[in-house]
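Trainee: The amino acid sequence is not available; the structure is as follows:
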């Protein structure tokens, strides 16, 4: 498929999402909002996980911080859009400072640290009851208008966020920055040797991967009107988003969009039929993904599938 | 509560943490895999022990070895059939795979056992020395945890299989050239990791209520203990467990129980950045 066809298909897909209020019921509109929201999150994760190849599992921390930053500033009197912008900048700054500290770690240690960040932020938010309402959660000023109008507004908002992150992805992909990030993915020491400022590049990628999660979180808080720590900082989300990205193809421009869509439609399908087993099915999707689609849906290769099925550990070369 | 009482509570808790984390540490150290299944395997051990006791009246101490062996088999088969195929891939792949397996196991347990907290109540009474009070079942749990951890140490140091595991950890290729069947050793290692998780779960079910909602919490403890003590060694896990137990106990006493967890995680993040080899600084699995 040529690059131009992909862009056309993407445009059709966005138009279809945006047009859901015209032809579908509220439930479908809600699904469209969720798809746009997770697409933005998966595209964000792609900066650090896809381009740089760092196993970051801190999406939920940024999303949750965005929820709380947006909700609290909105309660303090800032207009809604102002609160979203504040949340974006706040989470971006948080990630930049954090990145300088934890991006020195590699591999397993980085993965563990990024998990721990989610836990620490969640624990701090839930024990800081005076400010955040603790485990009782927080009510966010509701958007005026009927349910239909609210759904349409937030559909538009999420799609705009998604398109923004997409535009940044395309920009990074074609830019020096994207090239540098890919160099780091292939061999960090070598990239450092030939003059890529690895620390700066990694911090930029990490910040990019965080700030839009903050926007999405703040918009989500305004949309639902109520947030609590267990909903905002869910471990499931922190793994789901990378899985979506991997499902489509990490490090590509369209992969996160394809992966998110496939994942959410699958989830929707199974959720409706096997409510009790939905987690197990998510697990099965992950297992199938790892064994049969190592490069994601965009890079399906039947030869690799057969190899994987018959492969033995002693024959595999270390990467 | 006196300081001494808090310290004793911390040590008892720490021994349990060490037992809980040592299998996770072994798998991470030898296979280079972050085993997200660990928390669920602990809970599975706890549930099996509870239901053996509750439904058939089997004493937990009697059930423990069988539960442990059963979970060893699960771990062995999982590693041999699934995880071995991707064991050389980057952490993102292996971690995601074990997380997927964890979701499946978690879901099955939730459906069969529901998430109701259950606990084996042995009613062994309490002991009092001076003004330190301690329930006997906790002391029993601590003793069991230390015995199990010690057993693993002996197996690692003394047995043929233990030496082979250490050899694979030190240099995979060299071990393979010396005739060690690496894929089998991986499976045995993962099995032992699972076995320790199951045994720890059995011990936990005698001391605290277990429920599927705790899988994440236990996994988090395993992370923290591993990083604090240093990766992939029994003494490391023991030091890490005891340090975490004592710190949590004191933090709970001084800052309130809701902050005990935060302190543990912050200590871990600090050590990760400052000294990733942990407090003991041991690198190999001895």
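Mentor: Looks like it arrived, so ask away. Predicted, not measured: the structure shown is a model, and the values here were computed from it. Residues are numbered from 1 along each chain as shown, chains lettered A, B, ... in the order given.

Trainee: pLDDT score assigned to the residue nearest the centre of chain B?
Mentor: The centroid of chain B falls nearest to residue B:20 when counting by C-alpha atoms, centre = their mean (2.2 Å). In this model, residue B:20 is scored at 90, pLDDT.

Trainee: so which helix or strand takes in it?
Mentor: Assigning secondary structure by DSSP states H and E places residue B:20 in helix B:3-31.

Trainee: Could you find the residue nearest the spatial middle of chain A?
Mentor: Ranked by distance to the mean C-alpha position of chain A (C-alpha atoms, centre = their mean), the top residue is residue A:41 at 2.3 Å.

Trainee: on that earlier part again, what distance do you get for the residue nearest to the centre of chain B to chain A?
Mentor: Residue B:20 sits 16 Å away from chain A, taking C-beta to the nearest C-beta, to the nearest Å as the criterion. No exception for glycine: its C-beta is placed from N, CA and C like everyone else's.

Trainee: The residue nearest to that residue when sequence neighbours are not counted: neighbour count?
Mentor: With C-beta to C-beta, 6 or more residues apart in numbering or on different chains as the criterion, residue B:20 has its nearest non-adjacent residue at 4.3 Å, and that residue is residue B:200. By the criterion of other C-beta atoms under 10 Å in any protein chain shown, residue B:200 has 32 neighbours.

Trainee: How about the contacts made by residue B:200?
Mentor: For residue B:200, the set of contacting residues under the criterion of C-beta atoms under 8 Å, 6 or more residues apart in numbering or on different chains consists of B:16, B:19, B:20, B:23, B:42, B:45, B:145, B:148.

Trainee: try it again with 7 Å
Mentor: For residue B:200, the set of contacting residues under the criterion of C-beta atoms under 7 Å, 6 or more residues apart in numbering or on different chains consists of B:19, B:20, B:42, B:45.

Trainee: Do I have it right that the residue nearest to the centre of chain A meets residue A:60?
Mentor: No - the pair residue A:41 / residue A:60 is not scored as a contact, 9.5 Å apart, by C-beta atoms under 7 Å.

Trainee: hang on, the earlier thing: ok, and the closest non-adjacent residue to the residue nearest to the centre of chain A?
Mentor: Of all residues beyond its chain neighbours, the one nearest residue A:41 is residue A:241 (4.8 Å), with distances taken as C-beta to C-beta, 6+ apart.

Trainee: and the one you found, what does it touch?
Mentor: Contacts for residue A:241 were tallied using C-beta under 7 Å, 6+ apart; they are A:38, A:41, A:42, A:45, A:59.

Trainee: could the residues you listed be laid out in TSV, adding secondary structure and pLDDT?
Mentor: As requested, those are exported to TSV (DSSP: H, G, I helix; E, B strand; the rest coil; pLDDT from 0 to 100):
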residue	secondary structure	pLDDT
A:38	helix	94
A:41	helix	94
A:42	helix	94
A:45	helix	93
A:59	helix	91
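
Trainee: Closest to chain B out of these?
Mentor: Checking the contacts of residue A:241 against chain B with C-beta to the nearest C-beta, the nearest one is residue A:45 at 10.9 Å.

Trainee: Could you point out the helix or strand that follows the host helix or strand of residue A:37?
Mentor: Under the criterion of DSSP H and E, residue A:37 resides in helix A:26-45. Reading on from helix A:26-45 to the C-terminus, the next helix or strand found by DSSP H and E is helix A:59-75.

Trainee: Return the residues of the stretch 1-150 of chain B in contact with chain A.
Mentor: Residues of the stretch 1-150 of chain B found near chain A, taking C-beta under 7 Å from any C-beta of the partner chain as the criterion, are B:28, B:34, B:84-93, B:95-97, B:99-101, B:103-104, B:106-108, B:111.

Trainee: switch the cut-off to 10 Å
Mentor: Near chain A, the residues belonging to the stretch 1-150 of chain B are B:28, B:32-34, B:36, B:79-80, B:82-108, B:110-111 when assessed by C-beta under 10 Å from any C-beta of the partner chain.

Trainee: phi, psi of residue B:36?
Mentor: With angles defined as degrees, to the nearest 10, residue B:36 shows backbone torsions of phi -70, psi -10.

Trainee: buried ones in the helix holding residue A:37?
Mentor: Of all the residues in helix A:26-45, those buried under the rule 16 or more other C-beta atoms under 10 Å in any protein chain shown are A:29-45.

Trainee: what's the answer for stretch B:148-161, then?
Mentor: Neighbour-count burial for stretch B:148-161 [16+ other C-beta under 10 Å]: B:148, B:149, B:152, B:153, B:155, B:156, B:161.

Trainee: Among those residues, pick out the one closest to chain A, please.
Mentor: Distance to chain A, by C-beta to the nearest C-beta, is smallest for residue B:161 among the buried residues of stretch B:148-161, at 17.7 Å.

Trainee: what helix or strand does that closest one sit in?
Mentor: When the helices and strands are read off by DSSP H and E, the one containing residue B:161 is helix B:160-170.

Trainee: report the angle between the axes of that helix and helix B:3-31?
Mentor: Counting by axes from the mean of the first three to the mean of the last three C-alpha atoms, to 10 degrees, helix B:160-170 lies at 80 degrees to helix B:3-31.

Trainee: Contacts for helix B:160-170, please.
Mentor: B:26, B:29-32, B:152-157, B:159, B:174-176, B:178-182, B:184-186, B:188-189, B:192, B:232-233, B:283-286 (C-beta atoms under 10 Å, 6 or more residues apart in numbering or on different chains).

Trainee: Among these, which ones are in helices?
Mentor: The subset of the contacts of helix B:160-170 located in helices under the criterion DSSP state H comprises B:26, B:29-31, B:152-157, B:174-176, B:182, B:184-186, B:188-189, B:192.

Trainee: These, buried ones only, as a PyMOL selection?
Mentor: Filtering the ones in helices among the contacts of helix B:160-170 down to the buried ones (16+ other C-beta under 10 Å) takes a single PyMOL command:
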select buried, chain B and resi 26+29+30+31+152+153+155+156+175+176+182+184+185+186+188+189+192
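
Trainee: Let me know whether residue A:154 touches residue A:220 as I believe.
Mentor: Yes - the pair residue A:154 and residue A:220 passes the contact test of C-beta atoms under 10 Å, sitting 8.6 Å apart.

Trainee: The two: which has the busier surroundings?
Mentor: When residue A:154 is set against residue A:220 and neighbours are counted by other C-beta under 10 Å, the residue ahead is residue A:220, at 26 against 21.

Trainee: Now do the same contact list for the more buried one.
Mentor: For residue A:220, the contacting residues are A:33-34, A:37, A:41, A:63-64, A:66-67, A:70-71, A:140, A:154, A:157-158, A:227, A:231-232, by C-beta under 10 Å, 6+ apart.

Trainee: same deal with residue B:102?
Mentor: A:239, A:279, A:283, A:286, B:35-41, B:215-216, B:219.

Trainee: and what of residue B:203?
Mentor: Residue B:203 is in contact with B:15-16, B:19-20, B:42, B:45-46, B:49, B:60-61, B:64, B:140-145, B:147-148, counting by C-beta under 10 Å, 6+ apart.

Trainee: redo that, cut-off 8 Å
Mentor: So, once contact is read as C-beta under 8 Å, 6+ apart, residue B:203 ends up touching B:16, B:19, B:64, B:141, B:144, B:145, B:148.

Trainee: and it, what are its phi and psi?
Mentor: For residue B:203, the backbone dihedrals (degrees, to the nearest 10) come out as phi -60, psi -40.

Trainee: what residues does stretch B:234-245 touch?
Mentor: The set of residues external to stretch B:234-245 that reach it, using C-beta under 8 Å, 6+ apart, is B:10-22, B:25, B:149, B:152-153, B:156, B:221, B:224-230, B:264, B:267, B:278-280, B:282.

Trainee: likewise stretch A:263-283?
Mentor: If you take C-beta under 8 Å, 6+ apart as the criterion, stretch A:263-283 is touched by A:31, A:34-35, A:38, A:240, A:243-244, A:247, A:285, B:99-104, B:106-108, B:110-111.

Trainee: ends of that stretch, how far apart?
Mentor: Terminal residues of stretch A:263-283 are spaced 12 Å apart (C-alpha to C-alpha, to the nearest Å).

Trainee: check contacts around residue 221.
Mentor: In the absence of a named chain, chain A is used. Counting by C-beta under 8 Å, 6+ apart, residue A:221 makes contact with A:66, A:67, A:68, A:70, A:71, A:74, A:140, A:227, A:232.

Trainee: meant chain B actually
Mentor: Contacts for residue B:221 were tallied using C-beta under 8 Å, 6+ apart; they are B:17, B:20, B:21, B:244, B:264.
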